[in-house]
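Trainee: Requesting a structural model of the entry that follows:
(one chain, ligands or ions: 1)
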Amino acid sequence: MVDPPVGVQRGLEDVIALESRICFIDGKQGRLIYEGHDIRDLAKSSTFEEVAYLLWYGRLPTTAQLAGLKERLALLRELPPALATRIDSMPATANPMDVLRTAVSELALFEPEETRPGPSSIGGAQRLTAVLPSILGQFHRRRSGMPRLVTRPHLSAAAYLVYALLDREPTELEAHALDVALIIHADHELNASTFAARVTASTLSDLYSAVTSAVGTLKGPLHGGANERVMELLEEIGTPDRAEEVVKAKLARHERIMGFGHRVYKVEDPRATILREWSRRVGEAKGNLRYYELLRKVEEVVHREKGLYPNVDLYSGSVYSLMGIPHDLFTPVFAASRVAGWTAHVLEEYQDLRLIRPMAKYVGPIDLPYVPIGERR
Ligand code: ACO
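Mentor: Residues are numbered from 1 along each chain as shown. Prediction:
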């Protein structure tokens, strides 16, 4: 056995891997800050495009700067025709996150200029953020037999995402709700997918490779995807009077209740507070408060029984479901927002580059004799 020079921090828990000025999470006070701005202020007053600008450039845009960015993002929605054809050839039964990962990787083949590492990658950051809804729309529309996608430049990022996926423009309230969801998912410090993107960028690989790594990492159910399982729980519970019984039975079997608990937040996730209100507002507008009432009841039981607080995933699925977004597109919608954060972190990595290469504690044998292949049993 070889003695390691340092102890092992499984899952890199509590390890501070780098300095960043993009995002701060105050887990004790339940605060989330992007570039100095509280998420509650941004959710109340800004738009996803404004937040993307903030993450990429480190400051809020002026009116002219925001208008310029919106115009550019709208122009960048168009898919290369060859990529649209490729997406059409993918199996209709494919996992949309697999489609997204493959399409992001292939997009780089059509845009070699944009894939060069370095500060010029801001063009790639904008391209990827603009085009992700088009990739998802191209795939989902074909598998659902909807008309082909046309990019509608007059639509905001949030409204275009709804249009791309559902072939209808959202109501003002729906567009606002999705815009808030995109704002609050846009970054979250060194979460697993952002870390994966930074590891890839730290080898001086290109932005598209970094985002491909990130999409593959977000796909895992321990990262993206908990909101989908929350909706399954609601279907299982059915009516609020059954919440107590179903949740208690799960806890007795030591099952985790999705949408609760967090590695960093020790109080309520501020994103859950914001989305709870939007779940109620969208539910009221649709005349369907069933999800909201069920979730409130589940919250009450889980807090009483385990002292756990909700995280961002508890209410997001209810907002998306009320809008008619299919469950298997919840994680891709998350990606369509987090791509702003991934790309901001990759740009920061290029500015302050240091190859990310931790060590492993070796726990295997050493000095084993080499047995010729013919003598092995
Ligand atoms: N349901 C039931 N019990 C839970 C839950 C939960 N959701 N979360 C934590 N606990 C319990 C654990 O069983 C453990 O109890 P014990 O000490 O009696 O064994 C205790 O709380 C601590 O749990 P850990 O796993 O050590 O806490 P950690 O901080 O590592 O976990 C995590 C964070 C993975 C998010 C966890 O709370 C969880 O699995 N939640 C459900 C999945 C989920 O909602 N994920 C979305 C997170 S937000 C995001 O990624 C966008």
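Trainee: going forward, measure contacts between C-alpha atoms and count neighbours the same way
Mentor: Will do.
Trainee: can you list the residues of this structure near the ligand?
Mentor: Residues of the chain lying near the ligand by CA under 6 Å from any ligand atom: 222-224, 226, 256-263, 311-313.
Trainee: Out of those residues, which is nearest to residue 248?
Mentor: residue 257 (10.0 Å; CA to CA).
Trainee: Any of the residues of the chain next to the ligand buried? List them.
Mentor: Among the residues of the chain next to the ligand, those classed as buried by 16 or more other CA atoms under 10 Å are 224, 226, 257-262, 311-313.
Trainee: Among the residues you listed, which lie within helices?
Mentor: Using DSSP state H, the subset of those located in helices is 226, 313.
Trainee: In CSV: the buried ones among the residues of the chain next to the ligand, plus pLDDT.
Mentor: Converted to CSV, these look like this (pLDDT from 0 to 100):
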residue, pLDDT
224, 87
226, 89
257, 94
258, 92
259, 93
260, 94
261, 93
262, 90
311, 94
312, 93
313, 93
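Trainee: now, among the buried ones among the residues of the chain next to the ligand, which is nearest to residue 176?
Mentor: residue 312 (17.3 Å).
Trainee: For residue 201, see how far away the closest residue to the closest one other than its chain neighbours is.
Mentor: Of all residues not flanking residue 312 in the chain, residue 272 sits nearest, at 4.5 Å (CA to CA, 6 or more residues apart in numbering). According to CA to CA, to the nearest Å, residue 272 and residue 201 sit 31 Å apart.
Trainee: neighbour count winner among the two?
Mentor: residue 201 (30 against 21; other CA atoms under 10 Å).
Trainee: Name the spans of the chain whose pLDDT lies under the cut-off.
Mentor: Residues of the chain meeting the criterion pLDDT under 70: 1-6, 114-120.
Trainee: Could you pull up the residues touching the residue positioned nearest the centre of it?
Mentor: Centroid check for the chain by CA atoms, centre = their mean gives residue 334 as the closest residue, at 3.5 Å. Counting by CA atoms under 8 Å, 6 or more residues apart in numbering, residue 334 makes contact with 182, 185, 224.
Trainee: change it to 7 Å
Mentor: For residue 334, the contact set (CA atoms under 7 Å, 6 or more residues apart in numbering) comprises residue 185.
Trainee: Could you check how far the helix or strand in which it is found is from the centre of its chain?
Mentor: Assigned by DSSP states H and E, residue 334 falls within helix 330-351. Taking the mean of its C-alpha atoms, helix 330-351 sits 8 Å from the chain's own mean (CA atoms, centre = their mean, to the nearest Å).
Trainee: Show me which residues of that helix are buried.
Mentor: For helix 330-351, a neighbour-count test (16+ other CA under 10 Å) marks 330-350 as buried.
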